[in-house]
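Participant: how would this look folded up:
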Amino acid sequence: MNLQFCEAAAYIAGFIDGEGYIGIKWTEKQRMVPRICISNTHEGVLLIIKYILESWEVSSFVCSAVREGNRKLSYSLNINSSCILTVLENILPYLIVKQQQARLILEFCTLRKLEGKFGNNYVDREQVIYEELKVLNKRGL
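Facilitator: You can find the predicted model right below:
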């Protein structure tokens, strides 16, 4: 790995640690989908991260959130679920706050591959990972 790559990976890891979400969301089709999302009120910084991710051949998109009351408009960068492994493998050494979530998602993805499953049949460990992530990502006290 070159220094420029390491700096970019550390930069993205810092944003995910501070402004990001690493977890699993349920889809309307009752499927668990790994997710990485970064939210910020500065669209430009998310577009820079998107540009870096594109250099890693990672697909992502930036969208705006619905403004509530007098809140500032915020934006969200979402990483395509098929690219999450690439991102996590690149940033894992630099994550501090969300390293445990990243390791759980890596385990979840490995289980899905080993089981050869892409539907909505989940082994017990996958369900446990989902519950552990819910606790780790819980907001508030």
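Participant: what's the following helix or strand after the helix or strand of the chain with the lowest mean pLDDT?
Facilitator: Least confident helix or strand, the chain: helix 99-115 with a mean of 89, by mean pLDDT, DSSP states H and E. Next helix or strand after helix 99-115 toward the C-terminus (DSSP states H and E): helix 124-136.
Participant: what about Y51, distance to S59?
Facilitator: 13 Å (C-beta to C-beta, to the nearest Å). Every C-beta, even on glycine, is put in place using the N, C-alpha and C of the backbone.
Participant: who has more neighbours out of the two?
Facilitator: More crowded of Y51 and S59, by other C-beta atoms under 10 Å: S59, with 14 against 11.
Participant: correct me if wrong: that one contacts S82.
Facilitator: Yes. Assessed by C-beta atoms under 8 Å, S59 is found in contact with S82 at 7.3 Å.
Participant: and stretch 27-35, how far apart are its ends?
Facilitator: End-to-end distance for stretch 27-35: 11 Å, by C-alpha to C-alpha, to the nearest Å.
Participant: equivalent analysis for stretch 61-70, please.
Facilitator: OK, stretch 61-70 end separation, C-alpha to C-alpha: 25 Å.
Participant: name the spans of this structure whose pLDDT lies under the cut-off.
Facilitator: 1-3, 114-119, 140-141 (pLDDT under 70).
Participant: where's the most centrally placed residue in the chain, which helix or strand?
Facilitator: Central residue of the chain (C-alpha atoms, centre = their mean): I36, 1.4 Å from the mean position. Secondary structure assigned from DSSP H and E places I36 in strand 32-40.
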